[in-house]
Every structure is written in structure tokens, then in C-alpha cells.
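K.L.:
Let me see the structure of the following:
(one chain, ligands or ions: 1)
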Amino acid sequence: MKSVKLIFLFCLFCIFSFQVVFGQRNSIPEKVEKLLKKMTLAEKIGQLNQYSGNWEATGPITTNVGNKLDAVKRGEVGSILNIYGVEHTTVFQQAAMQSRLKIPLLFGQDVIHGFSITFPVPLAEAASWDMKAIEKSARVAATEAAASGVHWTFAPMVDIARDPRWGRVMEGAGEDPYLGSLIATARVHGFQGMGLGNLDAVMACAKHFTGYGDVIGGREYNSVDMSLHTLWEVYLPPFKAALDAGAATFMNSFNDLNGVPATGNKYLQRDILKGKWGFKGFVVSDWGSIGEMINHGYVKDSYEAAQVAINAGNDMDMESDSYLKNLAKLVADKKVSERVIDEAVRRILTKKYELGLFSDPYRYSDADREKRILNRKEHVEAARDVAKKSIVLLKNEHQVLPLSKNLNSIAIIGPMAKVKQELKGTWSLNVGNVNDIVSVYEGIQQQVGKTKLLYAKGCDVTDTSRAGFAEAYKIASQADVVVMAMGEQFDWTGEAKSRSNIHLPAIQEDLIKAVIATGKPLVVLLMAGRPMVFNYTADHAPAILYTWWLGNQAGNAIADVLFGNYNPAGKLPITFPRSEGQIPIYYNYFNTGRPAHDDVQTNYPPSYIDLSNTPRFAFGHGLSYTTFNYTNLQINKKNMKKKETITVTFNITNTGKYAGEEVAQFYLRQMVAQPLRPVKELKGFEKVMLEPNETKTITFTINSDKLSFYNEQLEKITQAGEFSLMVGSASDDIRLQDNFTLVD
Ligand code: NOJ
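P.N.:
Numbers count the residues shown, from 1 in each chain. Just a heads-up that it's a prediction; the model follows:
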């Protein structure tokens, strides 16, 4: 009897546990369904509508909205962007709590590279090839943004970019799908932390889906015309990686892709993203991009725009007002099924539940927490760490670098030497104090003891006057060493910042020329959010550091590198052209039937008749204060079956006198394939730290996934055949090579 009782109790316990577990697991979908049933069609449509709170506007504000707070109270708004700070988000959330169903608002913001502490622009961080540092950067940004009331960042931008004229090249991870995918993963993990529901997590948004990085001529908002093969091989992988990393949301794109605006593109959103890839989050339009389908000439009015967008899988309307105005009528007219609307609402409500906003709409609105978390010391340290790792040593003749800290004098020259705000680059927020930004001059000043610092601006970024040259020449002549801080205007990259001319302004190259004439050891620092063209400097300056826009800690990070506290290890994530005429230029091109020789006109077939086809600095290039030897490449088999793996090992030895890191890069080429394969594709890399004379063995594993590619039917396949494997320090500096065969 006793045992029957026990069994009965045990069964009760099991039923209870089962209910707890499954109740928990199913609770969000159940709650969403319950809420959906209570919602009127108008309330559902409200959830699909996103307005800007009017600060930091990044596009035209809809004019017919009236008071946005009232719209929130009427339940016409599901999300607000461009309102941050606990004080302000609270006001809007309070308005949402006055709506009939009290559905909390989502606060979205472009938290692109840091929040209160600005980190390097994303392209700069990509040059670190350091996934931990990149993830940390996103983690810090998320922690600060979440403490300031933000639930959702419109990042990471994972658009592959092969055209440095495009202003938004600064916002991505460069040209390579493999590196771009790893960085997309790191950033999503960083933003979302331990998962939605944690108070330091914000929803990530993989954008811009897709093709935006390939706008014709680098012209902003332009058309994209690319083969589906290139789309799948090059442009989609980072999006898939972001999705696999758990990105909660996607943003579509301003551009049309092969004649169909991305916002109204069913193939992209329904077939690929929500279909083949099974994405469970929601898709937001880009700013006004639903309405802009009228300008594209794809639809005739906002009624049709809303119809096309929602049916194509665009869930939320950012600032075009098309959904709010038209969806109810579209349902009444049977042009849009209420089921389609329900599906979009379901996706959005699910995220609000996952963030815990229904339990407590103000859980991101704690003013004390905000005060405690912003600008923490460890955030500043993380910013300095990734900033120094983002710097790329392009050239270092005669070992000008590192500089001694015991010099008598250093001349610091150039328009960027004392700037502060500019060091943040674009897509940074007006949070934090400008005095906390460390200029180049201040960074150097903090690291030298008795060294006398001489300063001359020399010229402005785009000066017409050379009046400052004489002073610059004078102080350079008096100094032991010259550091020149040069570059583009900080807002020459970013949205709507494409340039046809990406040269370092001529006045600055002239100033460099004038200073070189002193014969003094010279280091040129180049600041920009894109690859620039600077042929005179590249040929004549003995040492060049590409320092991008490094954020709050720029000056400290640059000084760390100048004085060798940190040995630079950055590698270019994007090719630097010799001239705009070479663009688009990238390392993973096809060999062609008549591959060009590098020398202009000396060989047939030629490069351009006036220029080599080779870039100025190749993808993966970046020097160190020390030198590395690559030896002893071994592969464990020469023939590989599809299910097998090959192990590749080689040694790297630090043959110089400084400890330093090397990013060893691993490339593959399938020699014969249909369709064609590129001459080289990055398939792995390892950042390795070596003391002088130290040797380490690096191992890469090749599996069939690394050998696979899309065939003409866009299926992922492998093809038997010979592969060349290459290991090196840059895409144009291959040190070891071997080959193997994939057999059927
Ligand atoms: C337009 C930009 O293209 C997008 O990246 C950004 O997130 C939105 N504006 C919101 O600011």
C-alpha cells in the first residue's frame, strides 16, 4: 500500500514537473496567442509601426504624425527609434501603458560602435581580426545602451563591401565573406550577451538585407545588379552567420536588387530568410524604405507599397507610415490576409515577451543603474584594447617605429593632431563627454617623460592655403622625430557619404612632402573610415600607421603603438586601391582566360595600360615591429574523401627582437571547378602571440564544408578535384603552399 502511495506521489510529481517545464517552454507562444486574440486589427497594425522620436533623425521624419506620444497612447506604435536615456524612454513607455492593451514599446537605436564610450568604427575593429575584442566591444555597447533604456540596436551591419567609395564601408567588416561571417557572429553574441531577457542584452539587427554593399559605382542608395551566384557566395554568408548566432531581428535595405527593391523582395525575405533559413525573429524596413518603393517606380502609391512590403515579409515599418495608413483597408479589400498581419505581429510580440517587457515594461528604465553603468573604467579599458588592435602598420622602413620614449623632441603635425570629437567617427551618439576623448597629442603627451612636444597644424583637412607649411617645416627640422596626423574629414564616411575621390586631400600630401624634405624620421598616421588613396605618402613616407577612427581612446591607443607598448598586429579587412579607377577591387577574383601580368605594358596580357592591376595594399596586409618566419608545412594526406578531414600544420617563428602577434592566414583555391572558383579564398586564420625566437605550431583542419560552394542551381556542393592551399601573412604574401585532391 505504501509503495502504491509512493508511485502515486511520484506520478503527481512528474505531471507537475512536466507542466512546469512545458508550461515554461510554451508560455511565450501561448501568451502571444492569447494577446493576439484580444487585439483589434488596428491594434495589430499599431504593433507593426515604428516612429522616430525625432532625435538623431537619420532620414526624413513623417510629417503627418502629429504628437507621437498621443499615437503611442492610441496603440498606433509598436516601437520608437532615436529616443534613449532612461528619463526619455520612460516618458514614452508611460504613454504605451495608457493604451488599451498596455503593450510595451520597443526602443531601437543605432548603437553601431559603442554607446557612451565610443569604440573604433566597425571597419577598424575588423582590422583587429580579433573576435574576442570585437565581441567585447559589442558587449560593452549593449551593456551601456541597455542601461540607458535601449532594447534593440540596429547593428551589426554585415554588408560585404568591395567599393571604398561607398560611405558606409566604415560600418561593416570589409570585403571578405569568411571574416565577415565570423565578425557578424561575434557582434551578435556581443550585443545579445547571455540572451534576451538579461538586463544587459539588446536585440541585434543584421542589416541591410541585402546587396547594399554593392551599389553601382559606390553611389549611395543606388541599384544593385548582381548574379544570384555572387549573392549566395559573397553577400549572404554573413547574414546567415548572424542568423545562426541568434540575431533577433533583420533590417532590409534601401537598394533594389536585380530590379526588385529589397524591402518588397519576397525572394529575399520570405523565400530565403523566413523560408529556407527558418528565421523566427522579425524584419524591420529601413527608414522610409516601404514608401520609397514609390520612388523606385515599383509601386504607384503607399497603399501598394504596404501591400507589397507586408506580403514580401517585411514585418515592421520604420517611419514610412505606410502600414498605419493602409493595412486596414488592404485587409478589407482582401489584398492582404489578416493571417499575414498576425504572423508579423506574433514575431514582434514574441520578442517583447523574450525581453521581459510584459512582466516589467520599465525593466530597462532604472536611472541609478544607468548612472552606475555608463562610462565604467573597464569600458574605457576595453575601448583602448580594441583600438590598439585595430591599427594597421602599413609600412615601417628603417625601423622608424617603435619610437623611443627618451627622445629630446617630437614634432606633432597635422589637422588631426588635436581633434577630439572627430575621433569618434560617424554613427556615434552624443552621449558622454567630449573631454573624455583622448587626442593624438594628448595620448603622446601622456606617454613621454621629458620629451619636448612641438606642434603645428600645418593645414586644415581641405585647406587652400599653404600658410602653415613653413611652421610645420620649422618644427619638423628641430625635432628628433615627426609624427603627422592626417586624414579625411570624419564625416566623409557614413550614410549618404559616398565619394568619387577617395584620395587623401592633396594639400595634406603636399604637407607630407614638405616635411619629408627635412629628412627627419617620419611616421604618418592616417585617419579615415574607408581605404584612401595616398600614393605619394605610400611611396615616400618611411612609416605609415592606418588608424581609422578609433573612438574615445584613439590617442592612447595610437601612443601605445607608437612607443611599442603594443606591437601592432592589425591586418586590412579590405583592399586598398592605387586609384579609384581600379574599383571594385578585391582579392578573391576569378583568374579569367587571360590573367593580367602585374607590370604595366611589359607583359601580355597587360593590366590597365596606365596602371598595374595590383592593389596598393592587399587584403590581409599588416606589418609588425618584429618579423615572422613560416616553415615546415605538413599535410597529413594528399587525397581526401568527402567525409574525411585533412590536417595542415606549419610553424611560425618570431625572428625579430620584439614580442608580437601574427595573424596567420589560410587560403584555398580549387584549381578546376564549374562554376569558377576564385584565385584565393580565406578559409581560416589564427592570431598567435610569439616571444622573440619562439616557435609555435599552427593547425588548420580542412573539411568538406571548407571546400563547398554553390553550383549554378544555387545548391551547396563539393566537386572532386585538386586544391591549392596557401598559408601566409597577407593575401599577397603567401609563404607556404601545397596541394591536395578531393576524391569522389
Ligand atoms: C537608415 C540606415 O540605413 C539604417 O542603417 C539605420 O539603422 C536607420 N536609418 C535608422 O537610423
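K.L.:
Could you break this structure into its assigned domains?
P.N.:
384-582, 628-743 (automatic domain parsing).
K.L.:
Just list whatever residues bridge to the closest residue to the ligand within the stretch 301-450 of the chain.
P.N.:
Residue nearest to the ligand within the stretch 301-450 of the chain (Cβ to the nearest ligand atom): Met318, separated by 6.6 Å. All C-beta spots, glycine's among them, are computed from the backbone N, C-alpha and C. Residues in a beta bridge with Met318, per DSSP bridges, are Gln50.
K.L.:
Now for the closest residue to the ligand within the stretch 401-550 of the chain: which residues touch it?
P.N.:
When distances are taken as Cβ to the nearest ligand atom, the stretch 401-550 of the chain reaches nearest to the ligand at Glu495, 5.5 Å away. Applying Cβ atoms under 8 Å, 6 or more residues apart in numbering, we find Glu495 in contact with 58, 167-168, 220, 426-427.
K.L.:
one more time with 6 Å, if that's ok
P.N.:
The contact partners of Glu495, by Cβ atoms under 6 Å, 6 or more residues apart in numbering, come to Arg168.
K.L.:
secondary structure element for it?
P.N.:
Applying DSSP states H and E as the criterion places Glu495 outside every helix and strand.
K.L.:
Name the stretch among the domains of the chain that sits most buried.
P.N.:
Among the domains of the chain, domain 384-582 has the highest mean neighbour count (mean count of other Cβ atoms under 10 Å), at a mean of 21.
K.L.:
before we move on, the earlier item: what would the domains of the chain look like in JSON lines with mean pLDDT and distance to Gly180?
P.N.:
What follows is the domains of the chain, written out as JSON lines (pLDDT from 0 to 100; distance: least, Cβ to Cβ, whole Å):
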{"stretch": "domain 384-582", "mean pLDDT": "97", "distance to Gly180": "8"}
{"stretch": "domain 628-743", "mean pLDDT": "98", "distance to Gly180": "10"}
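K.L.:
Parallel or antiparallel, list what pairs with the helix or strand hosting Ile80.
P.N.:
Following DSSP H and E, the helix or strand that holds Ile80 is strand 79-81. The pairing partners recorded for strand 79-81 under DSSP bridges are strand 49-52 (parallel), strand 106-109 (parallel).
K.L.:
Minimum distance to Arg466: which of the ones you listed has it?
P.N.:
strand 106-109 (43.2 Å; Cβ to Cβ).
K.L.:
circling back to that earlier point, any buried residues in the helix or strand following the strand holding Ile80, and which?
P.N.:
Sequence order places helix 86-96 as the next helix or strand after strand 79-81, per DSSP H and E. Neighbour counts over helix 86-96 (16 or more other Cβ atoms under 10 Å) mark 86, 88-90, 92-96 as buried.
K.L.:
Out of the strands paired with strand 79-81, which gets nearest to Asp732?
P.N.:
Minimum separation from Asp732 across the strands paired with strand 79-81 (Cβ to Cβ) falls at strand 106-109, 39.6 Å.
K.L.:
how about that closest one against the ligand, any contact?
P.N.:
No - using Cβ under 6 Å from any ligand atom, strand 106-109 stays clear of the ligand, coming no nearer than 7.7 Å.
K.L.:
For that strand, output the C-alpha coordinates as CSV.
P.N.:
The C-alpha trace of strand 106-109 is given here as CSV (Å, rounded to 0.1, in the frame of the first residue of the first chain):
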residue,chain,number,x,y,z
LEU,A,106,10.5,48.6,-28.1
PHE,A,107,13.2,51.3,-28.1
GLY,A,108,15.6,50.9,-31.0
GLN,A,109,18.8,52.8,-31.7
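K.L.:
In the stretch 151-300 of the chain, what residue spans correspond to helices?
P.N.:
177-192, 228-230, 237-244, 266, 293-296 (DSSP state H, counting those that start in this stretch).
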